[in-house]
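Engineer: sharing a model that was predicted from the sequence below.
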Amino acid sequence: MIQNEDNTFSDPPKSNEQLFDEVRFKRDQLLAMTDVYALSDRNITDAMKKYRQDLRDLPASNSDPSKIVFPTKPTE
């Protein structure tokens, strides 16, 4: 915690590394939620393939973690 000028306290700002860690964590969760679509006995749509690839490309496709926009999951 840091003390502000008005004597209130707040968390220190997060570093880019911490923000990227949060992005990767969320990305990994979203990928895990769609792993069932990638099983060999399921037919995966092109839209789901693209969604999963777009997730895997995060955060490498962005240099500023505060400006990352997660792709929208396609309907099943």
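Structural biologist: Yep, it's here.
Engineer: all strands for this structure, in order.
Structural biologist: Ranges of strands in the chain, per DSSP state E, are 2-3, 9-10.
Engineer: pLDDT on the helix ranked longest in the chain, on average?
Structural biologist: Ranked by residue count under DSSP state H, the longest helix found in the chain is helix 16-33. For helix 16-33, mean pLDDT rounds to 94.
Engineer: contacts for that helix?
Structural biologist: The contact list for helix 16-33 (Cβ atoms under 8 Å, 6 or more residues apart in numbering) reads 14, 52, 55, 56, 58, 59, 64, 65, 66, 68, 70, 73. Using the backbone N, CA and C atoms, a C-beta is placed for each residue, glycine as well.
Engineer: measure the most centrally placed residue in the chain to residue 14 for me?
Structural biologist: Central residue of the chain (Cα atoms, centre = their mean): residue 27, 3.4 Å from the mean position. Per Cβ to Cβ, to the nearest Å, residue 27 is found 17 Å from residue 14.
Engineer: returning to that earlier point: and the strands of the chain: which comes nearest residue 35?
Structural biologist: strand 9-10 (37.5 Å; Cβ to Cβ).
Engineer: excluding chain neighbours, what is closest to residue 66?
Structural biologist: Leaving out its chain neighbours, the residue that sits closest to residue 66 by Cβ to Cβ, 6 or more residues apart in numbering is residue 19, at 6.4 Å.
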